[in-house]
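Asker: Requesting a structural model of the entry that follows:
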Amino acid sequence: MTILVFDIGGTSIKHGICIDGKLNNVNETPTDARKGARHVMETVISLIKKTDIAYGAIGISTAGQVNASTGSIIYANQNIPGYTGTKIREELEELFHVPVMVENDVNAAAVGEAIYGAGKDFESFLMLTYGTGVGGAVIQNKQVYHGSSFSAGEFGAIITHSDARLKGSDYFDGCYEKYASTTGLVKMAMEYNPSLNNGKKIFSSLDDPGVMEILDHWVDEIMLGLATLTHIYNPSCIILGGGIMVQPLILEKIEEKKNRFIIPSFAHVKLLPAGLENLAGLLGANYLAEEYVSHRSSSFSL
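Answerer: Next up, the predicted model:
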């Protein structure tokens, strides 16, 4: 089956064509998210219209909380203004007359890792992505666990600094993503040296003992969340994604600190880097679209 796949993020829309599970023609188009939801949808529609190959379905991985049953956006922050309530599946199915599957980007990436990447040897695992915030997903028996309202896996909201949460006014004050995200690392680094305003500059300055100390503290913040999740879920594996996790030093430090944070009877948990990098969402969207088409076909044949 040929499936068009999209991964809608705040900065870019990755898109490609999957033919029998093989990803081809991967490209990126600027999201221009500040222009709002309608612009984002028109961009996706334009890309689909430009496709010159026959396809049987569309798979979409997207930012925001997604009702995977209806293919609509339950909630999205102002990174894409007006995105909340967007009925992606309904609109695209009406326009292109093929099945459309829509899933949250971290969930889709976790499915991609479950089928094709670092999680393929595990039936169940957790996945976290570290970037502007901290995203999460729960995979159980190779399926996304959505929770009661399609919002399971909001690991960035784990409270790791109770004083900041109790004194704060924002729901994420004192929470994991404020401290363990790449944004959190950059904030700490800029307090030490204002020129260290991105991850690349931080990792090129590790010969500075002060920067190395900041990185070490940031990994402690990461471990606070990983230890909490390990002790609650008792997973066999946690997959760690996000662009910053390609840095081998981070995984080395996480492994070094593991025994200090995790109870010995839970220490079998494997903490693994994601294997598909920025293609995980596209591959996950493809697999989910395949499953959706198969399910629809089975329903219609009854």
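
Asker: contacting residues for the residue nearest the centre of the chain?
Answerer: Among the residues of the chain, V106 comes closest to the average C-alpha position under CA atoms, centre = their mean, at 2.5 Å. By CB atoms under 8 Å, 6 or more residues apart in numbering, the residues touching V106 are 127, 129, 135-137, 153. Quick note: C-beta positions are derived from backbone N, CA and C, even for glycine.

Asker: Can you select the buried ones among those for me in PyMOL?
Answerer: To isolate the buried ones among the contacts of V106 in PyMOL, judged by 16 or more other CB atoms under 10 Å, type:
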select buried, resi 127+129+135+136+137+153
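
Asker: Reformat the contacts of V106 as TSV; add pLDDT.
Answerer: Written out in TSV, the entries for the contacts of V106 read as follows (pLDDT from 0 to 100):
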residue	pLDDT
M127	98
T129	95
G135	93
G136	96
A137	97
G153	95
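
Asker: can you put the contacts of V106 in CSV and add distance to I3 and secondary structure?
Answerer: Rendered in CSV, the data for the contacts of V106 read as follows (distance: CB to CB, whole Å; DSSP: H, G, I helix; E, B strand; the rest coil):
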residue, distance to I3, secondary structure
M127, 22, strand
T129, 23, strand
G135, 23, strand
G136, 26, strand
A137, 21, strand
G153, 24, coil
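
Asker: Closest one to Q143 out of the contacts of V106, please.
Answerer: Comparing these against Q143 with CB to CB places A137 closest, at 10.9 Å.

Asker: so what's that closest one closest to, chain neighbours aside?
Answerer: Taking CB to CB, 6 or more residues apart in numbering as the measure, A137 lies nearest to A110, with 3.7 Å between them; neighbours along the chain are not counted.

Asker: Which of the helices or strands spans that neighbour?
Answerer: Assigned by DSSP states H and E, A110 belongs to helix 105-116.

Asker: Same question for T70.
Answerer: Using DSSP H and E, T70 falls within no helix or strand.

Asker: Near it, how many other residues are there?
Answerer: Neighbour count of T70, defined by other CB atoms under 10 Å: 14.

Asker: Count the residues that sit near G281.
Answerer: Using other CB under 10 Å, G281 has 31 other residues around it.

Asker: Could you list every helix and strand in contact with the host helix or strand of it?
Answerer: Per DSSP H and E, G281 falls inside helix 280-301. The helices and strands touching helix 280-301, judged by 3 or more CB pairs under 8 Å, 6 or more residues apart in numbering; DSSP states H and E, are strand 2-8, strand 12-19, strand 22-30, strand 57-62, strand 100-104, helix 105-116.

Asker: Return the angle between stretch directions for the longest one and strand 57-62.
Answerer: Yep, that's helix 105-116 we're talking about. Angle between the axes of helix 105-116 and strand 57-62 is 120 degrees (criterion: axes from the mean of the first three to the mean of the last three CA atoms, to 10 degrees).

Asker: contacting residues around stretch 42-53?
Answerer: 2, 4, 6, 8, 13, 15, 17, 29, 31-32, 58, 60, 92, 95-96.

Asker: what's the spatially closest residue to the residue nearest to the centre of the chain that is not a sequence neighbour in contact with, if anything?
Answerer: If the residues on either side of it in the chain are set aside, V106 comes closest to G135, at 3.7 Å by CB to CB, 6+ apart. Residues touching G135, when contacts are defined by CB under 8 Å, 6+ apart, comprise 105-106, 128-129, 153, 155-156.

Asker: now G135, which residues is it bridged with?
Answerer: Per DSSP bridges, the residues bridged to G135 are T129.

Asker: Then the one 4 residues further on?
Answerer: Counting by DSSP bridges, I139 is bridged to F125, V144.

Asker: what does Q65 give?
Answerer: Beta-bridge pairing of Q65, defined through DSSP bridges, involves Y75.

Asker: From G133, how far off is it?
Answerer: Note on Q65: its distance to G133, by CB to CB, to the nearest Å, is 13 Å.

Asker: And G9, by the same measure?
Answerer: Here the distance between G9 and G133 works out to 12 Å (CB to CB).

Asker: residue contacts, W218?
Answerer: Shown in contact with W218 (CB under 8 Å, 6+ apart): 179-180, 184-185, 188.

Asker: That one in helix, strand or coil?
Answerer: Put simply, W218 is helix when judged by DSSP: H, G, I helix; E, B strand; the rest coil.

Asker: Sweet, I'm off.
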